[in-house]
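Novice: A predicted structure for the sequence below; I have some questions about it.
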Amino acid sequence: MDWVTTDRISGYAGKTVELRGWVANKRSSGKIRFLLLRDGPGVIQCVILPDRVSADAFELADKVPYESAVIVRGEVREDKRSPGGFEITVSDLKLVSEAEDYPIAKKDHGVGFLMDHRHLWLRSSRQVALLRLRSALTRAARQFFDEKGFIAIEAPILTPTSCEGTTSLFQVEYFDRHAYLTQSGQLYGEAAAMALGKIYVHGPTFRAEKSKTRRHLTEFWMIEPEMAFWELPETIDLAEGLICRLVEETLRSCSQELEALERDRAALEKVTPPFPRITYSEVVDLLEDKGVPFVWGNDLGADEETVISQAFDKPVFVTHYPAVIKAFYMKRDRNDPRLALAMDLLAPEGYGEIIGGGQREDSLDELEARIAEHGLDRDPLEWYLDLRRYGSAPHAGFGLGIERTLAWIAGIHHVRETIPFPRLMDRLHP
RNA sequence: UCCCCGAUAGCUCAAUCGGCAGAGCGGGUGGCUGUUAACCACUAGGUUGUAGGUUCGAGUCCUACUCGGGGAGCCA
């Protein structure tokens, strides 16, 4: 007898199969009992009738606690009354492991309780949908770069110093000295781009900022492409292509997940090229038109980002920020040295910045001056300066935040649900 | 670090003006041959976050603390 999973069940109509999974729910009506079996790929309703199974199995169908592991054998039948269209008429039900009282009920839980039980919360349909969508999203992103000839590289997670010199880092003991958890793979990505041409880093990132918002985690994942001999405009095109690909792929292959998440497809269908591209200075004018007080030279806060993203129904690129509010490695605009060749992509619906990047400073003299201006320690960056000493070339790249992108595409409120085990300022467990 | 809100049964919450601590879900028992977060009946379940204060009387008012949630700054 074949062990079949629910995603392939439609090919087995009329056949007797075995399914292995967990008791997601059960209902009974006297002499007929229903058991919802969750097997990972999906959920299927199993019907237990007293004249089709042993007395023990019929009894078990009533007594088996939620989330117990079971093996079901029975005939696959198409039935409109069953959620999902197919159901199993059970001929045998075996208990693999009886569960203790399951803490997560069918309804009404607070976020704190669910986060304490994250290891079990993952089993719920919404979380399963989110994690499947996350997997589809990272797969699509990597395919997008692979198809274009990008080489995947890994950046170190333990680093000797800060990449950007601004944010707080997690310090760890490293033999007789200190090391820091990386806040970006970018600098290493630049070195790899000089070796391989076009590369991307897909890896974790750590920020010790005491941020408590729906957009922040202390540990999150980025995909960071870096391209030698590329400049800002084509880098923006690449970012636009990536986002469109991710949305297309979601709409094409994740309909069930979007439905489970009750995500409005129409909002995603609007995400087609070209995205609006506005400069920082134009943003200042836009904010003025909207009656939001803002001074040129300040960084955009959450309120400003919300106003900007609400002015458009697709993601919007903001470019040419004042250099002083951007990282030391950003290349200055030749036409206006106050500006950096930077670009951020703001997601619609208030999800904030999902991409940040731009063209890198490729002049040794300029970069040395920036390091000094930012008050950074030069010694640990000598290797980075070498990239400008030995065949420096224009280059550019960006970082895509996986969790924010997923939160936006999935239409969920908080990024903590977009990663299996979120790390937050006040939460390191489970 | 700052601002706001909260903590009552295993879970989600209610409790009027300061006056007998309750409901739904989950658990247990029983019923029901097509249920869809099934339903119906019965049942068990409490040091109201901690410490102090005001009061004849505190879940309710006051102070401190602890924990949690939301937001800001910073950022992806």
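Specialist: Structure received.

Novice: Can you give me the buried ones in stretch A:363-379?
Specialist: Neighbour counts over stretch A:363-379 (16 or more other Cβ atoms under 10 Å) mark A:L367, A:R370, A:I371, A:L376 as buried. Using the backbone N, CA and C atoms, a C-beta is placed for each residue, glycine as well.

Novice: And the contacts of that stretch?
Specialist: A:T161, A:G165, A:F328, A:Y329, A:K331, A:R332, A:E361, A:L381, A:L385, A:R388, A:R389, A:S392 (Cβ atoms under 8 Å, 6 or more residues apart in numbering).

Novice: so what's the fifth one scoring on pLDDT?
Specialist: The one in question is A:K331. Note for A:K331: predicted pLDDT of 96.

Novice: give me phi/psi at it?
Specialist: Torsion angles at A:K331 (phi, psi; degrees, to the nearest 10) stand at phi -80, psi 140.

Novice: Least confident of the contacts of stretch A:363-379?
Specialist: When those are compared by pLDDT, A:G165 scores lowest at 53.

Novice: So what's the residue count around the residue of the stretch 151-300 of chain A found nearest RNA strand B?
Specialist: Residue nearest to RNA strand B within the stretch 151-300 of chain A: A:S211 (2.9 Å; Cβ to the nearest atom of the strand). Neighbours of A:S211 under the rule other Cβ atoms under 10 Å: 13.

Novice: Run a quick check on it versus A:M425, I expect a contact.
Specialist: Yes - using Cβ atoms under 8 Å, A:S211 is in contact with A:M425, at 6.8 Å.

Novice: Would you confirm that A:G397 belongs to a helix?
Specialist: No - assessed with DSSP: H, G, I helix; E, B strand; the rest coil, A:G397 is strand; it does not lie in a helix.

Novice: So which residues of the stretch 51-200 of chain A form strands?
Specialist: For the stretch 51-200 of chain A, strands defined by DSSP state E, counting those that start in this stretch occupy the ranges A:69-78, A:86-97, A:151-153, A:158-159, A:171-174, A:177-181, A:198-206.

Novice: looking at those strands, which is buried most?
Specialist: Between these, strand A:198-206 has the highest mean count of neighbours, a mean of 22, where neighbours are mean count of other Cβ atoms under 10 Å.

Novice: coming back round to it: would you confirm that the residue of the stretch 151-300 of chain A closest to RNA strand B belongs to a helix?
Specialist: No - the assignment for A:S211, made by three-state DSSP, is coil rather than a helix.

Novice: Might you report the residue contacts of it?
Specialist: By Cβ under 8 Å, 6+ apart, the residues touching A:S211 are A:M425.

Novice: now A:G84
Specialist: Counting by Cβ under 8 Å, 6+ apart, A:G84 has contacts A:T6, A:G42, A:V43, A:I44, A:Q45.

Novice: What residues of the host helix or strand of the last one count as buried?
Specialist: Right, A:Q45. Using DSSP states H and E, A:Q45 sits in strand A:43-48. Judged by neighbour count (16+ other Cβ under 10 Å), strand A:43-48 contains these buried residues: A:V43, A:I44, A:Q45, A:C46, A:V47, A:I48.

Novice: repeat for stretch A:212-230
Specialist: Buried residues in stretch A:212-230, counted by 16+ other Cβ under 10 Å: A:215-228, A:230.

Novice: now swap in stretch A:30-39 and tell me
Specialist: For stretch A:30-39, using 16+ other Cβ under 10 Å, the buried residues are A:R33, A:F34, A:L35, A:L36, A:L37, A:R38, A:D39.

Novice: Which ones among these map onto helices?
Specialist: Among the buried residues of stretch A:30-39, no residue falls in helices (DSSP state H).

Novice: Of those, which is the nearest to RNA strand B?
Specialist: A:F34 (3.5 Å).

Novice: ok, and the closest non-adjacent residue to that closest one?
Specialist: Distances taken as Cβ to Cβ, 6 or more residues apart in numbering put A:R27 closest to A:F34, at 4.6 Å, once the chain neighbours are dropped.

Novice: Now do the one you found: how many residues are near it, please.
Specialist: 10.

Novice: quick one: contacts for the nearest residue to A:V324 once chain neighbours are set aside?
Specialist: Leaving out its chain neighbours, the residue that sits closest to A:V324 by Cβ to Cβ, 6+ apart is A:G297, at 7.1 Å. When contacts are counted by Cβ under 8 Å, 6+ apart, A:G297 touches A:P322, A:V324, A:I325.

Novice: which residues sit in contact with the last one?
Specialist: Residues in contact with A:I325, defined by Cβ under 8 Å, 6+ apart, are A:G297, A:N298, A:D299.

Novice: rewinding a little: would you format the contacts of A:G84 as a markdown table with pLDDT and distance to A:P348 included?
Specialist: Output for the contacts of A:G84, formatted as a markdown table (pLDDT from 0 to 100; distance: Cβ to Cβ, whole Å):
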| residue | pLDDT | distance to A:P348 |
| --- | --- | --- |
| A:T6 | 93 | 34 |
| A:G42 | 91 | 30 |
| A:V43 | 91 | 32 |
| A:I44 | 92 | 36 |
| A:Q45 | 92 | 38 |
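
Novice: from the residues you listed, which are also near RNA strand B?
Specialist: A:Q45 (Cβ under 7 Å from any atom of the strand).

Novice: Between the contacts of A:G84, which sits nearest RNA strand B?
Specialist: A:Q45 (5.7 Å).

Novice: Show me the beta-bridge partners of that closest one.
Specialist: A:L36, A:E87 (DSSP bridges).

Novice: buried residues in stretch A:51-59?
Specialist: A:V53, A:A57, A:F58.

Novice: Domain map for chain A?
Specialist: A:6-97, A:118-418 (automatic domain parsing).

Novice: Could you export these to a markdown table, including columns for distance to A:G112?
Specialist: Below are these laid out as a markdown table (distance: least, Cβ to Cβ, whole Å):
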| stretch | distance to A:G112 |
| --- | --- |
| domain A:6-97 | 21 |
| domain A:118-418 | 11 |
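
Novice: residue ranges of the helices in chain A, please?
Specialist: A:55-63, A:111-116, A:118-121, A:125-147, A:186-196, A:232-253, A:255-260, A:265-269, A:280-289, A:302-310, A:364-373, A:382-389, A:402-410.

Novice: Pick the most buried one from those.
Specialist: It is helix A:402-410: most buried of the helices of chain A by mean count of other Cβ under 10 Å, with a mean of 26.
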